[in-house]
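Trainee: Show me the folded form of this:
(one chain, ligands or ions: 2)
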Amino acid sequence: MGFKSGFVGLLGQANAGKSSFINALLGQKFLIVSERRQSTRHRIRCVLTLPGAQIVFVDTPGLHKPVDKLSRYLIKQAYAALSGLDVLVYMTEPWGRLHEEDQKAFEHLKSFPQPMLLLVNKIDRTDARTLEETVRAYQQAGLFREIIPVSCKQEANLGLAANKIAELLPEGPKFFPDETRTDRSQEFIVAEFIREKIFQLTHKEIPYSTVVAVTHLAEREDGLMEIFANIYVARESQKAILIGSGGRMVKEIGSLARQEIEAFLGRKIYLDLQVKVHRDWNESEAEIARMLDRA
Ligand SMILES: Nc1nc2c(ncn2[C@@H]2O[C@H](COP(=O)(O)OP(=O)(O)OP(=O)(O)O)[C@@H](O)[C@H]2O)c(=O)[nH]1
Ligand SMILES: [Mg+2]
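Mentor: Numbering: from 1, shown residues only. Ligands and ions are numbered 1, 2, ... in the order given. Purely as a prediction, here's the structure:
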């Protein structure tokens with residue numbers, strides 16, 4: 001058997017654990033993870049090179065009932081990621097039944113021509129009976145070559161899942177050199193880590209009104225890595241919340257982000273965050289696309 005390679009999309013409801021799965025398989029955190037829905041906003045490629053195969057994972061924004069222009073845009077992005085894939089991995093949770101949001105998604109997937117595999121994640125949080133009922137209900141959808149229960153948290157069955165995915169890939173060349181792990185720049189990943197902390201520390205509409213863009217990332221003469229980033233919000237009132245009284249909130253975001261970025265880059269950094277208003281950026285599709293592209 002020759003070398004196998006291909007593009008493998010991860011699709012599923014918001015919060016299923018898609019980004020967690022890719023991070024766990026890569027053994028390093030490239031993608032942000034959050035308890036809140038739709039933390040992922042871009043199609044991000046991450047590369048896992050195994051002895052006999054190269055899997056190019058495509059992370060996508062989570063599916064859910066659209067509540068505003070941004071979520072509608074993100075769901076479109078997720079479905080647009082389906083074209084050009086060799087394998088689709090759909091991720092769900094042990095609901096004990098076929099979840100209606102998944103059922104809706106399966107209507108779109110009926111005509112998907114490539115092999116599909118289902119991962120039932122978060123099995124650390126369920127019992128054997130609920131898991132069995134989930135597997136049975138999803139089997140009846142008749143879409144999947146394999147259904148694999150996994151836990152990203154406990155790293156259960158992740159190697160098995162990777163091997164099954166690799167088996168489904170066509171024979172092909174290495175698309176990326178062994179050392180390539182993602183198609184995104186350092187600036188992009190750093191901006192994402194900052195956004196992750198905003199998702200962690202702020203509430204209500206604030207995380208969904210925020211875009212982060214790194215404007216400068218370079219080594220200083222004294223050897224410290226210097227990073228400047230802008231945090232854009234849609235309104236003045238949101239700017240006040242993000243800055244916090246006496247600048248407390250943005251300081252805390254900066255401090256948590258700095259730890260995460262230092263772990264990622266393996267070096268000390270100087271981080272400067274500026275909060276700016278880009279009025280109503282999340283109110284039109286064209287502006288959303290422009291803002292997310294600059295991130
Ligand atoms: N208990 C448990 N929690 C998990 C597991 N995998 C992921 N999580 C948690 O589930 C939440 C969502 O994880 P993400 O990886 O951000 O999910 P996602 O599918 O990428 O979400 P979106 O990008 O919003 O679509 C986070 O709080 C994770 O820590 C798991 O195996 N077990
Ligand atoms: Mg995600």
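Trainee: Please make it C-alpha for all contacts and neighbour counts, starting now.
Mentor: Will do.
Trainee: residues contacting residue 8?
Mentor: When contacts are counted by CA atoms under 8 Å, 6 or more residues apart in numbering, residue 8 is found next to 55, 56, 57, 58, 85, 86, 87, 88, 89.
Trainee: What separation is there between the fourth one and residue 47?
Mentor: To tie it back to what came earlier, the one meant is residue 58. The spacing between residue 58 and residue 47, counted by CA to CA, to the nearest Å, is 9 Å.
Trainee: Equivalent analysis for residue 244, please.
Mentor: The value you get for residue 244 to residue 47, if CA to CA is used, is 39 Å.
Trainee: what do you get for residue 205?
Mentor: According to CA to CA, residue 205 and residue 47 sit 33 Å apart.
Trainee: hmm, back to that, will you turn the contacts of residue 8 into TSV that also has distance to residue 78?
Mentor: Conversion of those to TSV gives the following (distance: CA to CA, whole Å):
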residue	distance to residue 78
55	19
56	16
57	13
58	10
85	12
86	16
87	15
88	12
89	13
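Trainee: Type out the PyMOL command that picks the buried ones from those residues.
Mentor: Selection of buried members from the contacts of residue 8 for PyMOL, criterion 16 or more other CA atoms under 10 Å:
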select buried, resi 55+56+57+58+85+86+87+88+89
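Trainee: Pipe the contacts of residue 8 into TSV and attach secondary structure, distance to ligand 2 and pLDDT per row.
Mentor: Converted to TSV, those look like this (DSSP: H, G, I helix; E, B strand; the rest coil; distance: CA to the ion, whole Å; pLDDT from 0 to 100):
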residue	secondary structure	distance to ligand 2	pLDDT
55	strand	18	98
56	strand	16	98
57	strand	12	98
58	strand	11	98
85	coil	18	98
86	coil	20	98
87	strand	18	98
88	strand	16	98
89	strand	14	98
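Trainee: Which pLDDT value goes with the closest residue to residue 87 other than its chain neighbours?
Mentor: Beyond its immediate neighbours in the sequence, the residue positioned closest to residue 87 (CA to CA, 6 or more residues apart in numbering) is residue 8, lying 4.8 Å away. Predicted confidence (pLDDT) for residue 8: 98.
Trainee: Wasn't residue 8 part of a strand?
Mentor: Yes - following the definition DSSP: H, G, I helix; E, B strand; the rest coil, residue 8 is counted among the residues of a strand.
Trainee: where does residue 256 land in three-state SS?
Mentor: Three states are possible here, and by three-state DSSP the one that applies to residue 256 is helix.
Trainee: quick one: it and residue 195 touch, right?
Mentor: No - in this structure, residue 256 sits apart from residue 195 without contact. The criterion is CA atoms under 8 Å, and the distance is 10.8 Å.
Trainee: These two: which is more packed in?
Mentor: Per other CA atoms under 10 Å, whichever of residue 256 and residue 195 has more neighbours is residue 195, with 22 against 17.
Trainee: tell me which element the more buried one is part of?
Mentor: Secondary structure assigned from DSSP states H and E places residue 195 in helix 186-201.
Trainee: residues in contact with the closest residue to residue 45 other than its chain neighbours?
Mentor: Nearest residue to residue 45, sequence neighbours excluded (CA to CA, 6+ apart): residue 58, at 4.5 Å. Listed by CA under 8 Å, 6+ apart, the contact partners of residue 58 are 7, 8, 9, 10, 43, 44, 45, 46, 81.
Trainee: so residue 58 bridges to which residues?
Mentor: residue 9, residue 45 (DSSP bridges).
Trainee: Tell me the residues of the protein that contact ligand 1?
Mentor: Residues of the chain lying close to ligand 1 (CA under 6 Å from any ligand atom) are 13-20, 33-35, 37-40, 61-62, 121-122, 124-125, 151-153.
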